[in-house]
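K.L.:
sequence first, predicted coordinates after that:
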Amino acid sequence: MGKKVLIIGGVAAGASAAARLRRMDENAEIIMFERGEYISFANCGLPYFVGGVINKRNSLLVQTPRSMKNRFAIDVRIRQEVKRILAAENKVVVFDYVKNEEYQESYDYLVLCPGSTPIMPDLPGISLPNVFQVRNVPDSDIIKAYIETHQPSDAVVIGGGFIGLEMAEMLQAAGLKVHLVEAGSQVMQPLDPEMAAFLHRHLREKEVDLHLVSRVVALEGEDLAQVVRLENGQLITTDLVVMGMGVRPETDLAREAGLEIGAKGILVNEYLQTSDPHIYAAGDAIQVQDLISGEAAWLPLAGPANRQGWVVANNIAGTPRKFRGTQGTSIVKVMDMVAATTGQNAKNLTRLGVDFLSCHVHPFSHATYYPGARQMCIKLLFTPGEGRVLGAQIVGSEGVDKRIDVLATAIRSGLSVFDLQELELAYAPPFSSAKDPVNMTAYVAGNILDHQVEVVYWQDVPVKVQQGAFLIDARTPSETTSGMAEGAYNLPVDEIRNRLDEIPKDREILIYCQVGLRSYVASRILKQRGYRVKNISGGYRLYDALTHQ
Ligand code: FAD
């Protein structure tokens, strides 16, 4: 008789662990418990099902108990919840919702994959029937049915994270006027504020009613939530509310079993073994380590959950594998934009006291002479000395996904910006430019490290100007008609050599153009003539996003 392995939770981590274990060990007895009705469903597709982009409900169901039984000989027990772990006896107590009875099951190994639960704060009105969460297939069925039956006109989405943003887009696609309420000063917390500014502007252009720095204090109405009350006194009239305030790890079962719990989730070692050697854990419920900072981290995302399930199965099967930590690679579609991140952002590095440099570039997805090229903004963060890549953020549309994946791979491999300059990436006009956006970003970063150019960031410019710095806009006069940075003096790059007498030599010079390339050329001209000059990272395109968000 082989090992008896029980798995709690039948979606990303649980189903991955089960299938991999079977492929490695034909003799194991594998039982997977799922308290819901469905296993291995596509949580990530739920918003798109609500919005009608995915219209076949069945396509959300990646595996069924029957398919798991037929192909993998796994005993899948849906509508059965593990209520307690009797760790000392290597047993669990299960409640069967169909038979309405409790029973015990023994194990050699137990795998905890209970995931996370949406945060539902204790707000007045939170239990009203038109206040929804989005975690599983029935949740999305309920929202879809509510829209079809009641034909609502307005929706409030609370929370500007991944799920909130996706739901905002999909509710709008379903024909509703969407109000997005976010307590913080920006959506998508993994982004730095100037990168989130592009999304704020886009959401408003797309007529999402965006409320930042707005805390919801109550959902008001007799039988239904009809008004969302904000802390600042503002009232938003609505027909339904979707909660997108984030999730928290399901650690109760593990805690009650006496397993060690960290600040962020169930504690595991690098083999994903809990404090009990017979119990492994994977997915949203566990605490992991940040690859870059070494800090305890929590990353409720599908990629890591699937990989961790795979790691656990390998370890139980006797082929040891480690989970080396996470770097937070993520991507989200926001209407016509895409935002993606990997590694650390400036907010975190500053909080950790890590010395870093950054640059912003605005390359196109492919050669601009080939139709359909789309501009993106890439922010790269790197160490001041050797230029090791610490993090990257990209906001744009086409081509964001492949650049973030190259940069994620670079971080995982410990590459520097000089390594990125050398990357040989695929190019033909429909796909990229001879200098791919990743190469381009690395050239800009390399110029900073090689002291070819000094940079300054928009947030520091007003103070510097107040202290006497001279601000130059190096674009053509016609470009400046749509706006210039406050206090700037227009001096086009091509005229600079002939108009040097207009530039004070005793003052620090700050210079920008549209994206930073011409101002880089201008700053090289000035630097070689003895001026103290700094190029403003991100140029006017970033300034414009910051001032019109
Ligand atoms: P889950 O997938 O949550 O599965 C846990 C399962 O365990 C649940 O079905 C639960 O019912 C069951 N369970 C819990 N306790 C018990 C118990 N005691 N007994 C029996 N069963 C139990 N990630 C991305 O990377 N990209 C995305 O685009 C993305 N979009 C998302 C959109 C939505 C709407 C949601 C909800 C999530 C999204 N995620 C996305 C996150 C991703 O789905 C999760 O990180 C991933 O599913 C976590 O896998 P898991 O196995 O740890 O937990």
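P.N.:
Now that the structure is in, tell me what you want to look at.
K.L.:
what parts of the stretch 251-400 of the chain come near the ligand?
P.N.:
Counting by Cβ under 6 Å from any ligand atom, the residues of the stretch 251-400 of the chain close to the ligand are Leu253, Gly283, Asp284, Ala285, Pro300, Leu301, Ala302, Gly303, Ala305. C-beta here means a position set from N, CA and C on the backbone, and glycine is covered the same way.
K.L.:
change it to 5 Å
P.N.:
Contact residues (Cβ under 5 Å from any ligand atom) of the stretch 251-400 of the chain with the ligand: Gly283, Asp284, Pro300, Leu301, Ala302, Ala305.
K.L.:
could I get the full set of strands for the stretch 1-150 of the chain?
P.N.:
When assigned using DSSP state E, counting those that start in this stretch, the strands of the stretch 1-150 of the chain occupy the ranges 4-8, 29-34, 75-78, 80-86, 91-96, 101-106, 109-112, 116-118, 131-132.
K.L.:
near the ligand at all, the longest one?
P.N.:
Yes - Strand 80-86 comes into contact with the ligand (Cβ under 5 Å from any ligand atom), by way of Glu81, Val82.
K.L.:
what of the shortest one?
P.N.:
No - Strand 131-132 lies out of reach of the ligand by Cβ under 5 Å from any ligand atom, never closer than 11.3 Å.
K.L.:
in its sheet, what does that strand sit against?
P.N.:
Next to strand 131-132 in the sheet, as set by DSSP bridges, lie strand 240-243 (parallel).
K.L.:
which elements pack onto whichever helix or strand comes after the strand it pairs with?
P.N.:
Counting by DSSP states H and E, the next helix or strand C-terminal to strand 240-243 is strand 247-249. If contacts are counted by 3 or more Cβ pairs under 8 Å, 6 or more residues apart in numbering; DSSP states H and E, strand 247-249 sits against strand 116-118.
K.L.:
what sits up against the strand it packs on?
P.N.:
Contacts with strand 116-118, where a contact means Cβ atoms under 8 Å, 6 or more residues apart in numbering, come from 133-135, 243, 245-250, 284-285, 300.
K.L.:
now the strands of the stretch 1-150 of the chain in TSV, with mean neighbour count, mean pLDDT and distance to Asp506?
P.N.:
Putting the strands of the stretch 1-150 of the chain into TSV (neighbours: other Cβ atoms under 10 Å; pLDDT from 0 to 100; distance: least, Cβ to Cβ, whole Å) gives the following:
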stretch	mean neighbour count	mean pLDDT	distance to Asp506
strand 4-8	26	98	70
strand 29-34	23	98	72
strand 75-78	20	97	76
strand 80-86	18	98	73
strand 91-96	18	98	76
strand 101-106	12	98	81
strand 109-112	27	98	66
strand 116-118	17	94	58
strand 131-132	22	98	62
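K.L.:
relative to Glu260, which of those strands is closest?
P.N.:
Closest approach to Glu260 among these is made by strand 109-112 (12.5 Å; Cβ to Cβ).
K.L.:
that closest one: partners in the sheet, and parallel or antiparallel?
P.N.:
Going by DSSP bridges, the partners of strand 109-112 are strand 4-8 (parallel), strand 279-281 (parallel).
K.L.:
just the CA coordinates of it, formatted as CSV?
P.N.:
Listed in CSV are the C-alpha atoms of strand 109-112, where the atom choice follows Å, rounded to 0.1, in the frame of the first residue of the first chain:
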residue,chain,number,x,y,z
TYR,A,109,0.8,13.3,4.7
LEU,A,110,-1.7,16.2,4.8
VAL,A,111,-1.5,19.1,2.4
LEU,A,112,-3.1,22.4,3.4
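K.L.:
tally of neighbours for Lys464?
P.N.:
For Lys464, the neighbour count with other Cβ atoms under 10 Å is 16.
K.L.:
distance of Arg35 relative to Asp355?
P.N.:
Separation of Arg35 from Asp355 (Cβ to Cβ, to the nearest Å) stands at 47 Å.
K.L.:
returning to what we had before: just the ones of the residues of the stretch 251-400 of the chain next to the ligand in strands?
P.N.:
Among these, no member is found in strands (DSSP state E).
K.L.:
out of the residues you listed, which is nearest to the ligand?
P.N.:
When these are compared for distance to the ligand (Cβ to the nearest ligand atom), Gly283 wins out at 2.1 Å.
K.L.:
excluding its backbone neighbours, what's nearest the closest one?
P.N.:
If you skip the residues right next to it in sequence, Gly283 has Ala13 as its closest partner in space, 3.1 Å away by Cβ to Cβ, 6 or more residues apart in numbering.
K.L.:
neighbours around the one you found, how many?
P.N.:
Other residues within reach of Ala13 by the criterion other Cβ under 10 Å amount to 34.
K.L.:
I'd say it and Gly303 touch.
P.N.:
No - the pair formed by Ala13 and Gly303 falls short of the contact definition of Cβ atoms under 8 Å, at 11.0 Å.
K.L.:
okay, the residue nearest to Gly283: pLDDT?
P.N.:
The pLDDT attached to Ala13 in the predicted structure is 97.
K.L.:
what residues does the chain put near the ligand?
P.N.:
Along the chain, the residues adjacent to the ligand under the rule Cβ under 5 Å from any ligand atom are 8-9, 11-13, 33-36, 43-44, 46, 81-82, 113-115, 134-135, 163, 283-284, 300-302, 305.
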